[in-house]
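> Based on what follows, work out the 3D shape:
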Amino acid sequence: MAYRVSRNLEASIIDFLQDNFDDDWTGINVEKTYSKIYDLSLPSICIRCGVTDHEKIELGDNNTVRTPQILIDIFAENDGQRLDLKDYIVEKIKNGCPYYEYTIANGQVQSKIENGRIRVMTIDDSPINFDGDRNALDPHDRYRHLLTFTVSTGKVEA
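Residues are numbered from 1 along each chain as shown. As a prediction, this is how the structure comes out:
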């Protein structure tokens, strides 16, 4: 089975960030399933595909160009780590990253083939602040941050 575009985008960005974290940090969890974050130790990063626009290329044609939002949730141990992680991620991803197409069998990646580049169009950088005492929150929710990247592969989809 091959992933479709949204899952390829998520997996490409997860692989890109995981490779960078492995080089520059220790103990960073990168996950694509939001519900699993709360079972992981901090710091943890969750990457998911959000709202996606499909704009028509020309009148009378069904071909489109996809412009998805990539949501990167940061769950940090403290405020300083939250700021360092969000700046690190923005620095690494703002110039884009390789886009891979993945083939999966029995839940495992069988192959990934580079097929273009993910280009970052916009970046929204938002701290998540819950009302009330931070110490009363789940540790995962005390120091959260959301990065929203609007991206494009520039590929025309039939």
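
> Only C-alpha atoms from now on, for both contacts and neighbour counts.
Will do.

> can you give me the helices for the protein?
Under the criterion DSSP state H, the chain contains helices at 5-24, 79-93, 139-142.

> Compare the mean pLDDT across these and name the weakest.
Lowest mean pLDDT within the helices of the chain: helix 139-142, a mean of 92.

> Compare the helices of the chain and give me the one nearest residue 119.
helix 79-93 (8.8 Å; Cα to Cα).

> tell me the contacts of residue 139?
With contacts defined as Cα atoms under 8 Å, 6 or more residues apart in numbering, residue 139 is in contact with residue 77.

> Count the residues that sit near residue 151.
Residue 151 has 22 neighbouring residues, counting by other Cα atoms under 10 Å.

> What sits closest to it if chain neighbours are left out?
Leaving aside its chain neighbours, residue 151 sits nearest to residue 120 (4.5 Å; criterion: Cα to Cα, 6 or more residues apart in numbering).

> Tell me, how many residues neighbour the one you found?
Count around residue 120 with other Cα under 10 Å applied: 19.

> who touches it in this structure?
93, 94, 95, 96, 149, 150, 151, 152.

> 6 Å instead, please
Residue 120 is in contact with 94, 96, 151, counting by Cα atoms under 6 Å, 6 or more residues apart in numbering.

> Can you tell me how far the second one is from residue 12?
Same thing as residue 96. With distances taken as Cα to Cα, to the nearest Å, residue 96 is found 11 Å from residue 12.

> these two touch, right, residue 82 and residue 76?
Yes: between residue 82 and residue 76 there is a contact under Cα atoms under 6 Å: 5.1 Å.

> And the closest residue to residue 13 other than its chain neighbours, how close does it get to residue 69?
Leaving out its chain neighbours, the residue that sits closest to residue 13 by Cα to Cα, 6+ apart is residue 97, at 7.3 Å. From residue 97 across to residue 69, the span is 15 Å (Cα to Cα).
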